[in-house]
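# my questions are about this predicted structure, shown below with the sequence.
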Amino acid sequence: MEKASEIAQEDTLQKNRTLKNGVFFPKKSSYFFMLLSFFIVFLSYVLPTPHGLSHEGQIMIGILMMAAILWITEPMPLAVTSLLIMILQPLLGVMPAGDVFASFGNKAVFFLIGAFILAAAIEKHGLHRRIALRFLRFFENRPKVFTLGIMTACAFLSFVMPEHGVAALFLPIIASILIATKVVPRQSNFGKISMLCIAYGCSIGSLGTLVGGARNPLTIGILADMTHPINVTFFDWCLYSMPVVFITLPLVWLVLIFAFPIELKDFSEAKKEINRQVTSEGKIKIHEVIVLGILILTICLWIVFSSYQYFGLAAIAILSGVLLFFSGCITWGDVEQRVPWGIILLYGGAITLGIGIQTTGAGAWLADLIFNMVGNNLYVVILIMILFTILLTNVMSNIGAVAILLPIGIAVAEKTGFSPLLSSMIIALCGGLAFMLVIGTPGNAITYSAGYFSTRDLFKAGVIANAICIGIVFCVAIFYWIGVLHLEVV
């Protein structure tokens with residue numbers, strides 16, 4: 001997973017660095033964006049505050065703008081920006097240091113750590129590869145059906161491990177199959193669709209459970225830390241998100257099929273390659289059985305006992321990690337190598353940003369500005385949230401986009417009189433629907449590195465896919481979340 005994160009960010013990092021005497025230095029544009037972001041924070045500190053906004057709230061808006069610039073342009077690692085968010089708040093007198101760093105002890109942080117340890121064990125013993133290959137055998141008869149199998153397999157595996165890890169797993173598997181079928185990179189539509197199905201399948205699947213993307217536990221962490229806490233269980237999240245997953249998956253696949261008509265007729269070599277890889281896996285090993293058993297146990301406990309009157313999500317996730325150590329399936333060296341600690345730092349900074357915006361009143365002030373522009377019609381507000389989130393998540397880190405918009409969305413919900421849970425689900429799920437640009441998700445960057453599709457191909461399919469997703473989320477929000485589940489009720 002750590003390697004996957006490195007691949008996902010390498011293109012962006014290279015754009016922001018120059019090589020001199022064997023050493024990478026930031027480009028001039030990177031210095032410009034860093035200075036611009038710090039200057040905005042400085043202005044927020046020295047300028048008089050507008051009516052209705054506290055000085056601390058104005059500083060938090062400055063820090064929010066700084067984070068947005070640095071997370072979009074990435075002149076420094078995303079995790080470093082998160083550390084800046086944390087240290088600037090006590091330095092500028094927004095919140096006491098103890099309160100800021102206490103936010104990093106949020107239960108959702110430990111859920112994320114436990115989930116990453118579980119995913120590291122799955123990756124170490126190749127259990128995910130065995131599951132993926134077995135699943136693909138059900139779709140090996142025709143090229144079109146096979147691409148649907150890729151997307152479905154990626155989505156389902158993203159229910160139990162982070163999406164970037166799934167993308168990194170499927171890339172070599174699918175690449176070997178494409179090589180066996182002798183397709184030409186960037187010329188074969190079958191090659192384009194196969195790789196895009198990995199990227200899009202991982203993104204869509206990451207919406208389904210709290211494990212797929214770090215933005216999901218970030219959302220429940222911020223909701224749980226509100227003045228009036230809202231606790232979301234593992235089962236609750238699945239109940240809210242799965243309709244979006246199961247509607248979006250086939251429709252986005254159809255977009256790819258119509259955008260890139262498959263030219264491949266003979267699929268016999270692909271079937272041989274899949275069968276060869278399945279055979280090479282051999283019999284299932286004892287450690288794979290143990291990891292699978294712990295995975296199933298963990299999911300069952302999350303579904304039944306994740307509410308806060310029982311164990312809670314974090315305790316169950318950490319328990320699964322402890323069981324993996326006791327069983328000998330994983331060592332601390334494996335954890336150090338495979339757990340993306342930078343994501344956890346990014347997550348911690350995002351939580352402190354959200355809490356700071358809420359507690360200083362900056363979110364409520366921004367919500368008032370939004371109302372002055374769009375009014376307080378519930379349906380218009382929902383549509384604006386969907387559009388803003390999808391546009392922002394396509395040009396920056398998913399978790400960064402959600403971290404910026406969540407506190408504003410929660411404040412908007414409170415101003416309009418509906419539950420922050422509704423706005424949070426809209427922003428969290430739309431934050432995973434980055435289909436247009438390479439930098440949108442790790443899955444996009446990882447699959448693009450294989451060379452089978454161009455940025456133009458990605459944008460062509462992504463624009464249509466995102467337009468459809470806007471309609472899907474809007475309809476689910478109106479007819480399911482509001483009409484059936486009544487999530488708008490405070």
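That came through fine.

# drop to CA atoms for contacts and neighbour counts, all remaining ones
Will do.

# how about the strands in the protein?
With DSSP state E as the definition, the chain shows strands at residue ranges 17-20, 23-26.

# next one: phi and psi at the residue positioned nearest the centre of the chain?
Centroid-nearest residue in the chain: residue 213, 3.8 Å away (criterion: Cα atoms, centre = their mean). Dihedral pair for residue 213: phi -140, psi 140, per degrees, to the nearest 10.

# hang on, it packs against residue 207?
Yes: using Cα atoms under 8 Å, residue 213 makes contact with residue 207 at a distance of 7.1 Å.

# which neighbours do these two share?
Listed as contacting both residue 213 and residue 207 by Cα atoms under 8 Å, 6 or more residues apart in numbering are residue 432.

# distance from the chain centre to stretch 438-446, please.
Offset of stretch 438-446 from its chain centre (Cα atoms, centre = their mean, to the nearest Å): 11 Å.

# quick one: buried residues of that stretch?
Residues 438-446 are the ones in stretch 438-446 that count as buried (16 or more other Cα atoms under 10 Å).

# again with stretch 155-173
Using 16+ other Cα under 10 Å as the test for burial, stretch 155-173 gives 155-171, 173.

# quick check: mean pLDDT of it?
Averaging the model's pLDDT scores along stretch 155-173 yields 86.

# what does stretch 419-434 give?
Averaged across stretch 419-434, the pLDDT comes to 93.

# likewise stretch 289-301?
Averaged across stretch 289-301, pLDDT comes to 91.

# buried residues in it?
290-292, 294-295, 298-299, 301.

# please apply the same query to stretch 448-460.
By neighbour count with 16+ other Cα under 10 Å, stretch 448-460 contains the buried residues 448-449, 452-454, 457-458, 460.

# inside helices: which ones of those?
Counted as lying in helices by DSSP state H, out of the buried residues of stretch 448-460, are 448, 457-458, 460.

# lowest pLDDT pick from those?
Minimum pLDDT across these falls on residue 448, with 88.

# is it true that that residue touches residue 456?
No: look at residue 448 against residue 456 with Cα under 8 Å: they stay out of range, at 11.2 Å.

# returning to what we had before: could I get the buried residues of stretch 448-460 in a markdown table, plus columns for distance to residue 53?
Listed next are the buried residues of stretch 448-460 as a markdown table, based on distance: Cα to Cα, whole Å:
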| residue | distance to residue 53 |
| --- | --- |
| 448 | 44 |
| 449 | 46 |
| 452 | 51 |
| 453 | 48 |
| 454 | 46 |
| 457 | 45 |
| 458 | 42 |
| 460 | 42 |
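
# mind picking the two most distant members of those residues?
Within the buried residues of stretch 448-460, two members stand farthest from each other by Cα to Cα: 449 and 460, at 17.8 Å.

# what's the pLDDT at residue 23?
Residue 23 is given a pLDDT of 45.

# swap in residue 409?
90.

# for it, give its distance to residue 466.
Distance, residue 409 to residue 466, using Cα to Cα, to the nearest Å: 20 Å.

# who has more neighbours out of these two?
residue 409 (27 against 22; other Cα atoms under 10 Å).

# tell me the contacts of the more buried one?
Contacts of residue 409 (Cα under 8 Å, 6+ apart): 367, 385, 420, 423-424, 427.

# report the distance from stretch 146-154 to the chain centre.
19 Å.

# residues contacting that stretch, please?
Contacts of stretch 146-154 (Cα under 8 Å, 6+ apart): 132, 135-136, 138-140, 166-167, 170, 193-194, 197-198, 200-202, 205, 249-250, 253.

# what's near enough to touch residue 198?
150-151, 154, 167, 170-171, 443, 447.

# pLDDT score assigned to it?
94.

# widest-spaced pair of the buried residues of stretch 438-446?
440 and 446 (11.1 Å).

# how about the CA coordinates for stretch 110-119, as CSV?
Extracted in CSV, the C-alpha atoms of stretch 110-119 (Å, rounded to 0.1, in the frame of the first residue of the first chain):
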residue,chain,number,x,y,z
PHE,A,110,-7.5,4.3,15.5
PHE,A,111,-10.2,2.7,13.4
LEU,A,112,-8.1,3.7,10.3
ILE,A,113,-4.9,2.3,11.8
GLY,A,114,-6.6,-1.0,12.6
ALA,A,115,-8.1,-1.2,9.1
PHE,A,116,-4.7,-0.5,7.5
ILE,A,117,-3.1,-3.3,9.6
LEU,A,118,-5.8,-5.7,8.5
ALA,A,119,-5.3,-4.7,4.9
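
# and that stretch, how far out from the chain middle?
Counting by Cα atoms, centre = their mean, stretch 110-119 comes out at 15 Å from the chain centroid.

# what is the longest helix along the chain packed up against?
Criterion DSSP H: the longest helix present in the chain is helix 234-259. When contacts are defined as 3 or more Cα pairs under 8 Å, 6 or more residues apart in numbering; DSSP states H and E, helix 234-259 packs onto helix 143-157, helix 189-205, helix 286-305, helix 455-475.

# between these, which gets nearest to residue 178?
Closest among the helices and strands packed on helix 234-259, using Cα to Cα: helix 189-205, at 6.6 Å.

# please save the CA atoms from that closest one in CSV.
The C-alpha coordinates for helix 189-205 follow below in CSV (Å, rounded to 0.1, in the frame of the first residue of the first chain):
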residue,chain,number,x,y,z
ASN,A,189,-10.1,0.2,-26.6
PHE,A,190,-10.1,-3.1,-24.7
GLY,A,191,-6.9,-2.0,-23.0
LYS,A,192,-8.3,1.4,-22.2
ILE,A,193,-11.5,0.0,-20.7
SER,A,194,-9.7,-2.6,-18.7
MET,A,195,-7.5,-0.1,-17.0
LEU,A,196,-10.2,2.4,-16.5
CYS,A,197,-12.4,-0.3,-15.0
ILE,A,198,-9.7,-0.8,-12.3
ALA,A,199,-9.6,3.0,-11.5
TYR,A,200,-13.3,3.5,-11.6
GLY,A,201,-14.2,0.3,-9.8
CYS,A,202,-11.9,1.1,-6.9
SER,A,203,-13.3,4.6,-6.6
ILE,A,204,-16.9,3.4,-6.6
GLY,A,205,-16.3,0.5,-4.3
